[in-house]
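# Sequence first, predicted coordinates after that:
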Amino acid sequence: MADGEQQRNPGSRGVSDAREPRGTTGDVTDAQESDAARRRRRAQFLRELHEAKQLRDRVQPRRARAARMRQQMRMRTFRW
């Protein structure tokens, strides 16, 4: 289900039809669909976040270098 569909059809938000039993296979399909949609949205968010971090590193090279140095120092001092 796309994000816009939920806004266009407000009647389907959490309101169940009394004629339909709650334990039907449609619920399982909806759960898998929403899980897949959630994973797609999460993947898109992570892609955009990674892109934003790369852009920030390009426009602020000194800050990015300092951050890399701090990360390297953290990794060197980490104890197993």
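Sure thing, it's come through.

# Output the contacting helices and strands for the longest helix seen in the chain.
Determined from DSSP state H, the single longest helix within the chain is helix 25-59. Secondary-structure packing of helix 25-59 (3 or more Cβ pairs under 8 Å, 6 or more residues apart in numbering; DSSP states H and E): helix 61-77. Quick note: C-beta positions are derived from backbone N, CA and C, even for glycine.

# quick one: contacts of the helix it packs on?
With Cβ atoms under 8 Å, 6 or more residues apart in numbering as the test, helix 61-77 has contacts from 56-58.

# again, only using 10 Å
53-54, 56-58, 60 (Cβ atoms under 10 Å, 6 or more residues apart in numbering).

# could you give the mean pLDDT of it?
For helix 61-77, mean pLDDT is 91.

# circling back: quick one: the longest helix of the chain to helix 61-77, angle?
Relative orientation of helix 25-59 and helix 61-77, computed by axes from the mean of the first three to the mean of the last three Cα atoms, to 10 degrees: 110 degrees.

# Count the residues that sit near Arg79.
Neighbourhood size, Arg79 [other Cβ atoms under 10 Å]: 3.

# helix/strand/coil for it?
Reducing the assignment at Arg79 to three states with DSSP: H, G, I helix; E, B strand; the rest coil gives coil.

# hmm, back to that, which of the contacts of helix 61-77 has the most neighbours?
For those, neighbours tallied by other Cβ under 10 Å; top is Asp57, 14 neighbours.

# Just give the nearest non-adjacent residue to that residue, would you?
Across the structure, with Cβ to Cβ, 6 or more residues apart in numbering as the measure, the residue nearest Asp57 apart from its sequence neighbours is Ala64 (3.9 Å).

# Of the contacts of helix 61-77, just say which sits nearest to Glu33.
Nearest to Glu33 among the contacts of helix 61-77, counting by Cβ to Cβ, is Lys53 at 30.6 Å.
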